[in-house]
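**Q** here's a sequence, model it:
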Amino acid sequence: MPTRLLRKLLQSDRERFLESLLESATDYAIITLDLDGCITSWNSGAEQVLGWSEAEVLGQSASVFFTPEDRDADAPAKEMAIARDYGRASDERWHVRKGGERFWANGSLMPLVDEASGTIEGYLKILRDRTEQRLAEEKTRQSEAFLRGVLESSGDTITVIDLEARIEFMNEAGLRGMEVEDFSAIQGRPWASLWEDDGAAAAEEAMAAAKAGRTGRFTGLTKTLKGTPRWWDVEVTPIAGPDGRPDRLLAISRDVTDRRQAEAVLRETVERYSLVTRATNDAIWDWDLIRNHVQWNEALYTAYGYNPHEIEPTGEWWISQIHPDDLEEVETHIRAVIAGEGDEWSHEYRFRCASGAYATVLDRGYMVRDAAGQPVRMISAMLDITRRKRAEQELEMVHHELGHRLKNVLTMVQAIASHTLRNSPSMDVARETLAARLVALGKAQDLLISKSAEEAEIGALVHSVLEAHRASEPERLRIRGQHVRLSSQAALSLALILHELATNAVKYGALSNEHGYVDLVWTVTEDMPACLALRWSEHDGPPVLEPKRKGFGSRLITRGLPGDIGGDVKLSYEPSGVVCTITAPLDSLAASSVRATAA
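**A** Numbering: from 1, shown residues only. I've put the predicted structure just below:
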């Protein structure tokens, strides 16, 4: 209400209005004091803020809600003096509630002046509780101080970048690391321009990731303002603004120059060591014949597994590691060289490793003689040729196996060709049938060659032979069974049987219409001896009739596998479709392991 309007009210009305106004201001403690600083009135806001009721404090000094230290400093009296001299005394300090707890308040003390005489009759004290604001401000100050402490104590370079990719801030550690004496020298500079070579592009990509709300990382090279090259591991993250979107970017860079240099030294050391290792693959020994002392290089430890403390540096120790069957020949050869029959020698023998196994080695030595021609030293390099010897043996076995396999294949091709030509109605049919059967035989042969010379896995064989039929409609050939290893002969026979069954199914059986399917399943029986039980059954094909005449295909199915490895094959023409069951003992199929998983 304007002051001039308040003055027009009657004295009694004005007092009632002021009293109502004071009582309604519950957020403020409004207190009147006499000239001695004693309380003369106390609104409901004062009771709410300070805790005392008006009856409890009337007549008491206003110092009751001042802190002990402010009372000791005579703060209430000084406040009244300032209000008396200057018309108002403002303060912001800690006060005390009735319960003794402290709260932060800002307030004003103003003199109450009699309008008629102009004399001061008392004082008006207005307080407002600002504890929450004070604590929030203090928390903010502490947080800012903490962040300043983090920035100053961090050894990393911390850089704030605006969305235009320009430098806004860099901490002290960063300024030291970049050898910047005055931040203004780089303030506002494009951050990416600090990076050398590909680092600038990597910095741009990292900032783009951070602007998109992700984290960008890279390792790059910079030159400080004084030209010193430094490597940094960098992580760039967004700083969210009030709307939650990136407002600035934060780049934290760790100096990894020393680590990069150490890694470079380590790489050079490793490369050097690798070169030395390759250059000394041989176990080199130096035998002092006068003192009977043998010095070995590190290849004896790395290639043959011996620890230095396990080796006796004598010729006897070396000779004791030679295989007993090779020892006499080696000793004879060495004695001949020592006796003067040449200065060089070379010998293959078996040398015992630390594990107890023997490695085949090629030892090439040279005899050193004194001026009188007497042997004084023998130096030799011992090369492990175990793998080479094994490869030679395997190659010899392959040659034998190849000859054996070729004879078997030729015999089978001859039989297939003879029977096909004899039972075909025309040369065209014979040519087509023979070609298909040879393709099936070839696929089985390919599988044997790709796996091993001796055996093939039945699941792989089945899928290989039936691949052409499963390619377009795999659901029409339902194949499942255990992993079983087959001998080469069994694999070839089974491949031909499956080819004949599939060919007949396409021509006359379940695969000749749109809905039929074949169920092919095999298991290993638990009987002793264990047997492979395979069942080919056709379903939903056209009606099946048993042929009046059995051709070569039927005979191959029923007689091929039993004739090759034994077992039993039954071919029946059920109304629902052809069913072929094969039972063969495992020991005649292969001697390898069986695993019960789906084929």
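
**Q** ranges for the strands of the stretch 351-500 of the chain?
**A** 358-369, 375-384, 455-457, 477-481, 483-487 (DSSP state E, counting those that start in this stretch).

**Q** mean pLDDT for the ones you listed: which is lowest?
**A** Ranked by mean pLDDT, those bottom out at strand 455-457, with a mean of 77.

**Q** export the strands of the stretch 351-500 of the chain as CSV, with columns for mean neighbour count.
**A** For the C-beta atoms, the positions are set from N, CA and C on the backbone; glycine is no exception. What follows is the strands of the stretch 351-500 of the chain, written out as CSV (neighbours: other C-beta atoms under 10 Å):
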stretch, mean neighbour count
strand 358-369, 18
strand 375-384, 18
strand 455-457, 22
strand 477-481, 17
strand 483-487, 22
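
**Q** of the ones you listed, which approaches Ser320 most closely?
**A** strand 358-369 (13.0 Å; C-beta to C-beta).

**Q** same for the closest one, what does it pack against?
**A** helix 324-338, strand 344-352, strand 375-384, helix 386-423 (3 or more C-beta pairs under 8 Å, 6 or more residues apart in numbering; DSSP states H and E).

**Q** sketch out the low-pLDDT regions of the stretch 401-550 of the chain for me.
**A** Scanning the stretch 401-550 of the chain for pLDDT under 70 picks out 401-424, 433, 436-437, 439-455, 468-472, 549-550.

**Q** do the stretch 51-200 of the chain as well
**A** 144, 148, 151, 153.

**Q** which secondary structure element is home to Arg134?
**A** Take DSSP states H and E as the rule and Arg134 turns out to sit in helix 131-153.

**Q** would you mind measuring from the residue nearest to Glu179 when sequence neighbours are not counted to Asp182?
**A** Excluding the flanking residues, the one nearest Glu179 by C-beta to C-beta, 6 or more residues apart in numbering is Thr224, at 3.9 Å. Distance, Thr224 to Asp182, by C-beta to C-beta, to the nearest Å: 14 Å.

**Q** ok, Thr32 next?
**A** From Thr32 to Asp182 the distance is 59 Å (C-beta to C-beta).

**Q** Ser44 now?
**A** 60 Å.

**Q** pick out whichever of those two has more residues nearby.
**A** Ser44 (16 against 9; other C-beta atoms under 10 Å).

**Q** so what does the more buried one have for phi and psi?
**A** phi -70, psi -30 (degrees, to the nearest 10).

**Q** show me the contacts for Gln393.
**A** With contact set as C-beta atoms under 8 Å, 6 or more residues apart in numbering, Gln393 has no partners.

**Q** and if you look at Trp318?
**A** Per C-beta under 8 Å, 6+ apart, neighbours of Trp318: Trp285, Trp287, Val294.

**Q** distance to His463 for the strands of the stretch 351-500 of the chain - can I get that in CSV?
**A** What follows is the strands of the stretch 351-500 of the chain, written out as CSV (distance: least, C-beta to C-beta, whole Å):
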stretch, distance to His463
strand 358-369, 41
strand 375-384, 41
strand 455-457, 10
strand 477-481, 7
strand 483-487, 13
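
**Q** could you pull out the helices for the stretch 201-350 of the chain?
**A** 257-279, 299-304, 315-320, 324-338 (DSSP state H, counting those that start in this stretch).

**Q** what's the neighbour count on Val337?
**A** 18.

**Q** Val569 contacts Ile582, doesn't it?
**A** Yes. If you go by C-beta atoms under 8 Å, Val569 and Ile582 touch, sitting 5.1 Å apart.

**Q** Glu235 versus the residue most central in space within the chain, what's the distance?
**A** In the chain, the centroid-proximal residue (C-alpha atoms, centre = their mean) is Arg217; its distance is 16.7 Å. Per C-beta to C-beta, Arg217 is found 5 Å from Glu235.

**Q** break the chain down into its domains, please.
**A** 3-133, 154-260, 281-384, 392-595 (automatic domain parsing).

**Q** okay, these in JSON lines with distance to Thr269 next?
**A** Formatted as JSON lines, the domains of the chain follow (distance: least, C-beta to C-beta, whole Å):
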{"stretch": "domain 3-133", "distance to Thr269": "64"}
{"stretch": "domain 154-260", "distance to Thr269": "15"}
{"stretch": "domain 281-384", "distance to Thr269": "16"}
{"stretch": "domain 392-595", "distance to Thr269": "37"}
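
**Q** I'd like the distance between Phe103 and Asn297.
**A** In this view, Phe103 and Asn297 are 85 Å apart by C-beta to C-beta.

**Q** those two - which one has more neighbours?
**A** Applying other C-beta under 10 Å to Phe103 and Asn297 shows that Phe103 carries more neighbours, namely 18 against 14.

**Q** and the more buried one, what are its bridge partners?
**A** His95 (DSSP bridges).

**Q** what sits against Val234?
**A** Ala203, Ala206, Gly216, Arg217, Phe218, Thr219, Gly220, Ala251, Ile252, Ser253, Arg254.

**Q** for Tyr366, see how far away the second one is.
**A** This points to Ala206. In terms of C-beta to C-beta, Ala206 sits 62 Å off from Tyr366.

**Q** got it, and the first one?
**A** Here Ala203 is placed at a distance of 61 Å from Tyr366 (C-beta to C-beta).

**Q** likewise the third one?
**A** Gly216 sits 63 Å away from Tyr366, going by C-beta to C-beta.

**Q** double-check Leu494 against Glu457; I have them as touching.
**A** No. Between Leu494 and Glu457 there is no contact under C-beta under 8 Å: 11.7 Å.

**Q** list residues touching both of these two?
**A** Leu486.

**Q** other residues contacting stretch 202-216?
**A** So stretch 202-216 is contacted by 161, 163, 165, 191-192, 194-195, 217-220, 234-238, 246, 249-251 (C-beta under 8 Å, 6+ apart).

**Q** and stretch 60-76, how far out from the chain's middle?
**A** Here stretch 60-76 shows a centroid-to-chain-centroid distance of 68 Å under the convention C-alpha atoms, centre = their mean, to the nearest Å.

**Q** what sits up against it?
**A** With C-beta under 8 Å, 6+ apart, stretch 60-76 has contacts from 31, 33, 36-39, 50, 52, 57, 91, 93-97, 102, 125.

**Q** now the contacts of Trp318 in JSON lines, with distance to Gly199?
**A** Below are those laid out as JSON lines (distance: C-beta to C-beta, whole Å):
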{"residue": "Trp285", "distance to Gly199": "53"}
{"residue": "Trp287", "distance to Gly199": "58"}
{"residue": "Val294", "distance to Gly199": "56"}
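
**Q** which ones among the residues you listed map onto strands?
**A** Of the contacts of Trp318, the ones assigned to strands by DSSP state E are Trp285, Trp287, Val294.
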